[in-house]
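*Asks:* here is a sequence together with a model predicted from it:
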2 protein chains.
Amino acid sequence: MTGTLTVIGLGPGDPRYWTAAASEALAAASDLVGYGPYLDRVPERAGLTRHPSDNRVEGDRARHALDLAATGRAVAVVSGGDPGVFAMAAAVFEALEEARPGWHGVGVTIEPGITAMLAAAARLGAPLGADFCALSLSDNLKPWHVVTSRLRAVLAADLVVALYNPVSRARPWQLGAALALAAEIKPAETLVAFARAVGRPDESVAVMTLPEAVDRAPYADMATLVLVGATATRRVTGADGASHLYTPRRVGRQP
Amino acid sequence: MTGTLTVIGLGPGDPRYWTAAASEALAAASDLVGYGPYLDRVPERAGLTRHPSDNRVEGDRARHALDLAATGRAVAVVSGGDPGVFAMAAAVFEALEEARPGWHGVGVTIEPGITAMLAAAARLGAPLGADFCALSLSDNLKPWHVVTSRLRAVLAADLVVALYNPVSRARPWQLGAALALAAEIKPAETLVAFARAVGRPDESVAVMTLPEAVDRAPYADMATLVLVGATATRRVTGADGASHLYTPRRVGRQP
């Protein structure tokens, strides 16, 4: 008897952001595999076994999930945000390349979720309203010179830039270096947002200029999503006095 | 009495992709404003008034929604995918810049949704597993030379590229031109996916090489999301024989 493996995106933290499809997939699972704090978001119920793991062992976790599924279990690998964006889905397909004979017949399905930049953007206004990109600042899996050359390219092309994995305990300086690079390329009035833990009780969101963001970089943490605006990204005060960050859809001239 | 305006993302078409927050916001609405086919996705109920409009009048639609909210209604502007990604949220903030006195006190909220590239990526595998960007191919709101210069920059930087608004009746040639440009920059074995109407009954997904994609461009339509892979984007056959497209997380050397 062969089981199944579903990689499920839980969105930014509050179950209100789960899709109905993700809820159904969780309800159908016999086993939950994932980083402990993500597993903690899923309520206990009879018949559901949890397999928490550390944050840095995506490959081991993917193989473990495939092994479990091969024994006939309905395995759900849970991921924050969207599993396809700097998360578990790619790790599962990397593991599948090994094609271990024991895994024969296991089907893999991906259930999308609200990735951090979409949740942050919605809370801020509409900063992703024009062309944008998502870059991971982690140099665990790619050389730092690739990070900086990509960053230069997208900043010069005037895309809005969402920076994932801005810092970790082992990578304390990368965000400051990335924002300093941005400050060399973009005007000082360019707007930057730090969106931390959106959808969670400790949520905080701040909008500032690029030089202010360089100063603030040491205070960001793993739960922070950083957005660097395009030249046109601007603030508007709403009719109720609230401030919103957005990028107009129209591009007047080439940056 | 002042009303509210919520811009809601319905995701890729099937209500299974609605978030719980989007469902709640729809249940609380007195008025639905949006492009007709998006309104049709929301079931009828007593007390819900529909205001369908054409696809090309985002500014008028946003002002109409604000006018309605100003009369005390609970207005939901519905959008396919995520409202912040080439959709209605930016249009609402553009309208708010006009700050019409009648709108005083109207609060605006954005409810995120599963944008097309996330739905397409989940169906395909994990093609957005590394750095990626989202570009609109529409030259209604930006000059075509901005589109091509951005496209050159992100292809040269070896990001995965999601192309939104690839074609319309009024813009039949842009996708072919964009893919021909990609074929000048990327190797011929670069993989491209056309993901059409993901999550709808007429869904179709195809993966091909870049030269094949150039030939196929005339057959794409408004419901198609086109993904151009990075150099590393590859196909893996799953343990059940299914084919998946994914981008490994690791970058070996600079492209």
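*Replies:* Looks like it arrived, so ask away. Residues are numbered from 1 along each chain as shown, chains lettered A, B, ... in the order given.
*Asks:* burial check on A:A195, number of neighbours?
*Replies:* 27 (other Cβ atoms under 10 Å in any protein chain shown). Bear in mind the C-beta positions are built from the backbone N, C-alpha and C, glycine included.
*Asks:* without its sequence neighbours, what residue ends up closest to A:V160?
*Replies:* A:F132 (3.9 Å; Cβ to Cβ, 6 or more residues apart in numbering or on different chains).
*Asks:* the one you found and A:A157 touch, don't they?
*Replies:* No - using Cβ atoms under 8 Å, A:F132 is not in contact with A:A157; the gap is 10.7 Å.
*Asks:* if we can go back for a sec, spit out the contact partners of the residue nearest to A:V160.
*Replies:* By Cβ atoms under 8 Å, 6 or more residues apart in numbering or on different chains, the contact list for A:F132 reads A:M117, A:L159, A:V160, A:V161, A:A162, A:T247, B:C133, B:A134.
*Asks:* do the same with A:D240
*Replies:* B:T2, B:G105, B:V106, B:G107, B:V108.
*Asks:* so it lies in a helix, does it not?
*Replies:* No - in this structure, A:D240 is coil, not part of a helix, as judged by DSSP: H, G, I helix; E, B strand; the rest coil.
*Asks:* okay, it and B:S30: tell me how far apart.
*Replies:* For A:D240, the distance to B:S30 (Cβ to Cβ, to the nearest Å) stands at 18 Å.
*Asks:* which stretches of the stretch 101-250 of chain A form helices?
*Replies:* A:116-124, A:144-156, A:174-185, A:210-216 (DSSP state H, counting those that start in this stretch).
*Asks:* of all those, which lies closest to B:L179?
*Replies:* helix A:144-156 (19.8 Å; Cβ to Cβ).
*Asks:* how about the closest residue to A:T148 other than its chain neighbours, what does it touch?
*Replies:* Excluding the flanking residues, the one nearest A:T148 by Cβ to Cβ, 6+ apart is A:L181, at 6.1 Å. By Cβ under 8 Å, 6+ apart, the contact set of A:L181 is A:T148, A:L151, A:R152, A:L155.
*Asks:* isn't the third one up against A:I185?
*Replies:* Yes - look at A:R152 against A:I185 with Cβ under 8 Å: they come within range, at 6.6 Å.
*Asks:* indicate the residue of the stretch 101-250 of chain A located nearest to chain B.
*Replies:* At 2.9 Å from chain B, A:G129 is the closest residue in the stretch 101-250 of chain A, using Cβ to the nearest Cβ.
*Asks:* so how many other residues sit close to that residue?
*Replies:* A:G129: 30 surrounding residues under other Cβ under 10 Å.
*Asks:* how close does it get to B:D240?
*Replies:* 40 Å.
*Asks:* dig out what the nearest residue to A:Y17 once chain neighbours are set aside forms beta bridges with.
*Replies:* The spatial neighbour of A:Y17 that comes closest, neighbours along the chain excluded (Cβ to Cβ, 6+ apart), is A:G11 at 3.3 Å. As for beta bridges, A:G11 partners with A:G81 under DSSP bridges.
*Asks:* tell me the contacts of A:G11?
*Replies:* Counting by Cβ under 8 Å, 6+ apart, A:G11 touches A:17-19, A:22, A:80-82, A:113-115, A:119, A:199, B:19.
*Asks:* do that again at 6 Å, thanks
*Replies:* Neighbour list for A:G11: A:Y17, A:G113, A:I114 [criterion: Cβ atoms under 6 Å, 6 or more residues apart in numbering or on different chains].
*Asks:* top of those by number of neighbours, please.
*Replies:* Counting neighbours by other Cβ under 10 Å, A:I114 comes out on top of these with 36 neighbours.
*Asks:* hmm, that residue is touching B:P112, no?
*Replies:* Yes - in this structure A:I114 lies within contact range of B:P112 using Cβ atoms under 6 Å: 5.0 Å.
*Asks:* any weak-confidence spans in chain A?
*Replies:* Chain A contains residues with pLDDT under 70 at A:1, A:253-255.
*Asks:* which residues in it form strands?
*Replies:* Under the criterion DSSP state E, chain A contains strands at A:4-9, A:31-35, A:49-53, A:74-79, A:107-111, A:125-126, A:132-136, A:160-164, A:191-196, A:204-209, A:224-228, A:234-237, A:243-246.
*Asks:* which of these sits most buried?
*Replies:* strand A:125-126 (a mean of 30; mean count of other Cβ atoms under 10 Å in any protein chain shown).
*Asks:* could you find the closest non-adjacent residue to A:A116?
*Replies:* A:L225 (4.4 Å).
*Asks:* which ones are touching that neighbour?
*Replies:* Here A:L225 is in contact with A:A116, A:M117, A:A120, A:A195 (criterion: Cβ under 6 Å, 6+ apart).
*Asks:* so which of those is the most crowded?
*Replies:* Within the contacts of A:L225, most neighbours by other Cβ under 10 Å means A:M117, with 32 neighbours.
*Asks:* that one against A:V161, yeah?
*Replies:* No - using Cβ under 6 Å, A:M117 is not in contact with A:V161, being 9.8 Å away.
*Asks:* how much space separates the residue nearest to A:Y17 from B:Y246?
*Replies:* Using Cβ to Cβ, we find A:G11 at a distance of 21 Å from B:Y246.
*Asks:* what's the answer for A:A46, then?
*Replies:* 35 Å.
*Asks:* convert stretch A:71-86 to PDB, retaining C-alpha atoms only.
*Replies:* Below are the C-alpha coordinates for stretch A:71-86, written out as PDB (Å, rounded to 0.1, in the frame of the first residue of the first chain):
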ATOM      1  CA  THR A  71       4.800   2.900   4.300                       C
ATOM      2  CA  GLY A  72       1.200   3.900   3.300                       C
ATOM      3  CA  ARG A  73       0.800   7.000   5.400                       C
ATOM      4  CA  ALA A  74      -1.000  10.200   4.200                       C
ATOM      5  CA  VAL A  75       1.900  12.600   4.900                       C
ATOM      6  CA  ALA A  76       1.500  16.400   5.000                       C
ATOM      7  CA  VAL A  77       4.700  18.400   5.000                       C
ATOM      8  CA  VAL A  78       3.800  21.800   6.400                       C
ATOM      9  CA  SER A  79       5.500  25.000   5.400                       C
ATOM     10  CA  GLY A  80       5.000  28.600   6.300                       C
ATOM     11  CA  GLY A  81       3.800  31.000   3.600                       C
ATOM     12  CA  ASP A  82       3.800  29.200   0.200                       C
ATOM     13  CA  PRO A  83       5.700  25.900   0.000                       C
ATOM     14  CA  GLY A  84       7.100  26.800  -3.400                       C
ATOM     15  CA  VAL A  85       8.700  30.100  -2.400                       C
ATOM     16  CA  PHE A  86      12.000  29.500  -0.500                       C
END
